[in-house]
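S.K.: give me a 3D structure for the following:
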Amino acid sequence: MSTVILLVVVGAIVLWVISAYNRLITLRNRVVNAWKQIDVQLKRRHDLIPNLVEAVKGAMQFERQTMEAVVSARTRAVAATGVAATAKAEGELTQALGRLFVVMEAYPDLKATGNIAQLQGELAGTENVIGAARSHYNDEATLYNTAQALFPTNLVAGLAKATPAELWEIEAAAERAVPKVDLSGGGAGT
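M.R.: Have a look, this model is predicted:
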C-alpha cells in the first residue's frame with residue numbers, strides 16, 4: 001500500500017515537472033513569436049523609408065541634413081540586434097522621421113503629391129502596428145519572466161534553460177515626452 005502511495009506521489013511530481021517545463025517552453029516560444037512579429041513590421045518600416053526619402057529628395061535639396069539623418073538612423077536600425085539595441089536604434093529612427101515630417105510640412109507641394117501622401121499613410125499605419133506589436137511582445141515577455149520567477153516553477157526554469165526576456169523599453173527622452181496640444185485654434189505641436 002505504501003509503495004502505491006509513493007508511486008502516485010512520484011508520478012504526480014513527474015507530471016508536474018513535465019507540465020511546468022512545457023509551459024516555460026511554450027511561453028518562451030510565444031516571446032520569440034512576438035519578437036518576430038515586431039521584426040516583420042520593422043522590416044516593412046525599413047522598406048518604406050527609402051521610398052519616402054527618394055520621393056521627397058528632389059523637392060527638399062536644402063534639407064539635406066534631415067534626409068541624411070533619416071537614412072543614417074535607418075541604417076543603424078536595420079543593423080541592430082537584440083531587444084535593447086533595436087529599441088534604441090528604432091527610437092532614433094522615430095525621432096529622425098518625426099523631424100522629416102515636420103520639415104515636410106513646410107513644403108505644401110509635397111503634401112499634395114499622391115505618392116508621398118500614400119507613403120506617409122503607409123508609414124503611419126505601420127507605426128501603429130509596430131506599437132501594438134511592441135505591447136504584445138512586452139506582455140508575452142512579462143508572462144514568461146513571471147512564470148520563471150514564481151515558485152515552484154522556478155525550480156524547473158533551469159532545466160528548461162529559461163532566461164528572462166528583455167522588455168522593449170523607450171530609451172529616447174523625446175519618445176517619452178508628452179506631446180503638447182494647442183486647442184486655441186493654433187494647431188498642434190510637440
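
S.K.: mind checking the longest helix of the protein?
M.R.: Once the chain is assigned using DSSP state H, the helix that runs over the most residues is helix 2-57.

S.K.: what's the following helix or strand after it?
M.R.: As assigned by DSSP states H and E, the chain's next helix or strand after helix 2-57 is helix 64-79.

S.K.: please state the offset of that next one from the chain centre?
M.R.: Relative to its chain's centre, helix 64-79 lies at 18 Å (Cα atoms, centre = their mean, to the nearest Å).

S.K.: and that helix with helix 2-57, angle?
M.R.: Angle between the axes of helix 64-79 and helix 2-57 is 160 degrees (criterion: axes from the mean of the first three to the mean of the last three Cα atoms, to 10 degrees).

S.K.: buried ones in whatever helix or strand comes next after helix 64-79?
M.R.: Counting by DSSP H and E, the element after helix 64-79 in chain order, helix or strand, is helix 83-104. Of the residues in helix 83-104, 83, 86-97, 99-100, 103-104 count as buried by neighbour count, 16 or more other Cβ atoms under 10 Å. Placement of C-beta: from N, CA and C, glycine included.

S.K.: for stretch 152-162, same thing?
M.R.: Going by neighbour count (16+ other Cβ under 10 Å), the buried part of stretch 152-162 is 153, 156-157, 160, 162.

S.K.: among the residues you listed, which one sits closest to residue 36?
M.R.: residue 162 (18.8 Å; Cβ to Cβ).

S.K.: ok, that closest one touching residue 26?
M.R.: No - with contacts counted by Cβ atoms under 8 Å, residue 162 stays clear of residue 26, the gap being 11.2 Å.

S.K.: off-centre distance for stretch 141-150?
M.R.: Its chain's C-alpha centre and that of stretch 141-150 lie 19 Å apart, by Cα atoms, centre = their mean.

S.K.: list of residues touching that stretch?
M.R.: 23-24, 27-28, 30-31, 34, 153-154, 157, 162-167 (Cβ atoms under 8 Å, 6 or more residues apart in numbering).
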